[in-house]
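> got a structure for you, letters missing:
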């Protein structure tokens, strides 16, 4: 382990710092405010050889090694952490797997333009149910002739909507668990490959983070990366290197925040002298400088170990974990030193403060990294078998037990069947409510998703809401990105929770964060033109069809010449869903996730021994699977 960088490495640092100060810093505030991806800057980085720093010149890179790469990410992040993570995700995640596992043909076709900075790379592992636990991957790739057919989606993908080349992980042999996951090289622009959502983030806003969707995407057999079943191994090895990159990003954030605080404390005069001489401030600066140097040594050690071919899983985890904790602490202290000025947009420390937090989360949360470090120290524990209900629940409903009835026939026939089913369930459509009434105060909602299309089609939503006696709502992207409705009208985990009786999802695909906002709804109706949309697994009634066709038909079917009555008082209706015929008297079912509490079994993991009836459970009892309170359970039918 070298404790001093070389003259060449320090020269590289100076070159990157000068570029960052002159070309990036003047625009960083604008990119942050406008959530703007700096494509011209990325192109300039490529021209300087900084997008392929650790790769050999034969591969199209600049041969600067991992420490050179770490310096580049650090110095870019010192000015703008978004630019730093663009380079980190491109290099460590989007390019390295191809360099290490790719065939000569794959390296020539994909790695060379990536290493030269002519293309941008990305890495698709994270899914709704596969975050820290990558073994939960649900995206599938089925071999058909000369192609794999890729179906599924990824979330929170850095460089997601801007990349040219993606390394994507999908299940090829479901029965083999982790050994059934494979890796593929996927190109932007292939039919069926789309970006449903580009996220609006707290920090690193100059980078693009997007959701990826794959619908029957044809991936040539020759784009299999490594061998079938090696995907999990490839992902884990890739993440080790990615942690060096994110550690470097965190280090750059900390360095930038520290320098800003140091300069400010020298200039800011109070009580007749610079605040830097105040012991309370000088001690903060001393701790910041010490922790930054410590983080740098950990990162460079991991980088050097990777370059020399040593195993560095533990060291990479330590470096990323420690550096990201330092980044958050230093940014916090730097803002404190700035006082009120630090809380104002336009001061760098305000941006550093927001940028720092994500470094504790991606490339392995710091909680998971402590697990990784611990397992490297004491050895891995044997994995506990997962409950069958948990495994089944992942692929099924996230909104609790549902009827899952899909109507068939012509659009008119499907609408007639839906209306008949709703009336049979006890719903009347002879009253009116304020379509803009607070979501918490109504029993029915008609909600718009991105599938509604242009804003003028919101009239279809309002017309339907009027005849259904419902208020209007939407998914988050419709309110946040399209801005068809105010932010206080979107439903989801981060928005409004709707606990009413009837929810009609129009053009909503059914992302997990949205489903968490409607899992207590009595009846869910889904209308979507994609038969594979997750919303159908989470609905009681579904119509596969164009919302622009179905909604006018449904509105017409519910329209009456009779004057509408005043809306009755809101009375919560119970779900009417078929239960497992094996359920017994005394068994209660969580309406959020369908977990069953059986008194004969109890809930030992929660300290509830067998024999305790449901009504004698403690008032604070929560569902062990989804965390819903005791009053969210309903008696199981015999």
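Thanks, I have it. In this text, all values refer to a predicted model and were calculated from it rather than measured experimentally. Numbers count the residues shown, from 1 in each chain.

> give me the phi and psi for residue 403.
Backbone torsions of residue 403, given as degrees, to the nearest 10, read phi -70, psi -30.

> skipping adjacent residues, who's closest to it in space?
residue 540 (4.2 Å; CB to CB, 6 or more residues apart in numbering). All C-beta spots, glycine's among them, are computed from the backbone N, C-alpha and C.

> mind listing the strands for the stretch 351-500 of the chain?
Taking DSSP state E, counting those that start in this stretch as the criterion, the stretch 351-500 of the chain contains strands spanning 405-406, 431-432, 444-448, 471-474.

> any idea which helix is longest in this structure?
In the chain, taking DSSP state H as the definition, the longest helix is helix 231-267.

> give the buried residues for it.
If you call a residue buried by 16 or more other CB atoms under 10 Å, then helix 231-267 has these buried ones: 231-235, 237-258, 260-262, 264-265.

> ok, residue 130 to residue 109 distance?
Distance, residue 130 to residue 109, by CB to CB, to the nearest Å: 28 Å.

> also residue 362?
28 Å.

> out of those two, which sits in the busier spot?
Set residue 362 next to residue 109 and count neighbours by other CB atoms under 10 Å: residue 362 wins out with 22 against 17.

> still on that earlier bit, give me the contacts around the helix or strand following the longest helix of the chain.
On the C-terminal side of helix 231-267, the closest following helix or strand by DSSP states H and E is strand 269-270. Residues outside strand 269-270 that contact it (CB atoms under 8 Å, 6 or more residues apart in numbering): 275, 278.

> for strand 269-270, what is the distance to the chain centroid?
Distance of strand 269-270 from its chain centroid, counting by CA atoms, centre = their mean, to the nearest Å, is 44 Å.

> for that strand, which strands pair with it and how are they oriented?
Here strand 269-270 is paired, per DSSP bridges, with strand 273-274 (antiparallel).

> beyond the partner strand, next helix or strand please.
Assignment by DSSP H and E places the next element after strand 273-274 at helix 279-307.

> so which elements touch that next one?
helix 65-77, helix 231-267, helix 313-338 (3 or more CB pairs under 8 Å, 6 or more residues apart in numbering; DSSP states H and E).

> tabulate these in a markdown table, adding columns for distance to residue 468 and mean pLDDT.
Output for those, formatted as a markdown table (distance: least, CB to CB, whole Å; pLDDT from 0 to 100):
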| stretch | distance to residue 468 | mean pLDDT |
| --- | --- | --- |
| helix 65-77 | 51 | 98 |
| helix 231-267 | 46 | 97 |
| helix 313-338 | 47 | 98 |
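
> distance to residue 414 for these - can I get that in TSV?
Formatted as TSV, the helices and strands packed on helix 279-307 follow (distance: least, CB to CB, whole Å):
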stretch	distance to residue 414
helix 65-77	53
helix 231-267	40
helix 313-338	51
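
> which stretch among the ones you listed comes nearest residue 273?
Among the helices and strands packed on helix 279-307, the nearest to residue 273 by CB to CB is helix 231-267 (10.6 Å).

> got a list of what the residue nearest to residue 403 touches?
Per CB under 8 Å, 6+ apart, neighbours of residue 540: 402-405, 523-525, 577.

> ditto for residue 489
By CB under 8 Å, 6+ apart, residue 489 lies in contact with 436, 439, 472-474, 479, 496.

> ditto for residue 532
Residue 532 neighbours (CB under 8 Å, 6+ apart): 151, 215.

> quick check: which element contains it?
Per DSSP H and E, there is no helix or strand for residue 532.

> how close does it sit to residue 195?
For residue 532, the distance to residue 195 equals 17 Å [CB to CB].

> what does residue 522 give?
Going from residue 522 to residue 195 by CB to CB gives 34 Å.

> what of residue 375?
35 Å.

> what does residue 525 give?
For residue 525, the distance to residue 195 - CB to CB - is 27 Å.

> neighbour-wise, which of these two wins?
Applying other CB under 10 Å to residue 525 and residue 195 shows that residue 525 carries more neighbours, namely 23 against 15.

> and that one, that one's in a helix?
No - Residue 525 is assigned strand when assessed by DSSP: H, G, I helix; E, B strand; the rest coil, not a helix.

> so it touches residue 415, yeah?
No - counting by CB atoms under 8 Å, residue 525 stays clear of residue 415, with 11.0 Å between them.

> overlap of the contact sets of the two?
In contact with both residue 525 and residue 415: residue 543, using CB under 8 Å, 6+ apart.

> show me where the stretch 1-150 of the chain has helices.
With DSSP state H, counting those that start in this stretch as the criterion, the stretch 1-150 of the chain has helices at 7-19, 25-34, 39-47, 65-77, 81-88, 96-101, 104-106, 112-115.

> from the middle of its chain, how far away would the last one be?
Relative to the mean C-alpha coordinate of its chain, helix 112-115 is positioned 27 Å out (CA atoms, centre = their mean).

> which residues does that helix contact?
With contacts defined as CB under 8 Å, 6+ apart, helix 112-115 is touched by 51-52, 55, 59-61, 90, 94-95, 98-99, 119-121, 164-165.

> for these, which one is nearest residue 178?
Nearest to residue 178 among the contacts of helix 112-115 is residue 98, at 21.4 Å by CB to CB.

> how far away is that closest one from residue 229?
Distance, residue 98 to residue 229, by CB to CB: 18 Å.

> more neighbours: which of those two?
Using other CB under 10 Å as the criterion, residue 98 and residue 229 rank with residue 98 on top: 25 against 17.

> residues in contact with the residue nearest to the more buried one when sequence neighbours are not counted?
In space, and not counting its chain neighbours, residue 98 is closest to residue 111: 4.6 Å by CB to CB, 6+ apart. Listed by CB under 8 Å, 6+ apart, the contact partners of residue 111 are 55, 59-60, 95, 98-99, 102.

> recalculate using a threshold of 6 Å.
By CB atoms under 6 Å, 6 or more residues apart in numbering, the contact set of residue 111 is 59, 98-99.

> number of nearby residues for the closest residue to residue 408 other than its chain neighbours?
Distances taken as CB to CB, 6+ apart put residue 414 closest to residue 408, at 6.9 Å, once the chain neighbours are dropped. By other CB under 10 Å, the residues close to residue 414 number 22.

> roughly how far does residue 414 sit from residue 82?
In terms of CB to CB, residue 414 sits 46 Å off from residue 82.

> and residue 186, which of the three is it?
strand.

> pLDDT below threshold where in the stretch 301-450 of the chain?
380-396 (pLDDT under 70).

> and if you look at the stretch 1-150 of the chain?
For the stretch 1-150 of the chain, the stretches with pLDDT under 70 are 1-2.

> contacts only, for residue 77.
84, 249, 252-253.

> now, which of those sits nearest residue 141?
Set against residue 141, the nearest of those by CB to CB is residue 249 (30.9 Å).

> can you name the residues that contact the residue nearest the centre of the chain?
Nearest to the geometric centre of the chain sits residue 156, at 3.6 Å (CA atoms, centre = their mean). Contact partners of residue 156, counting by CB under 6 Å, 6+ apart, are 126, 209.
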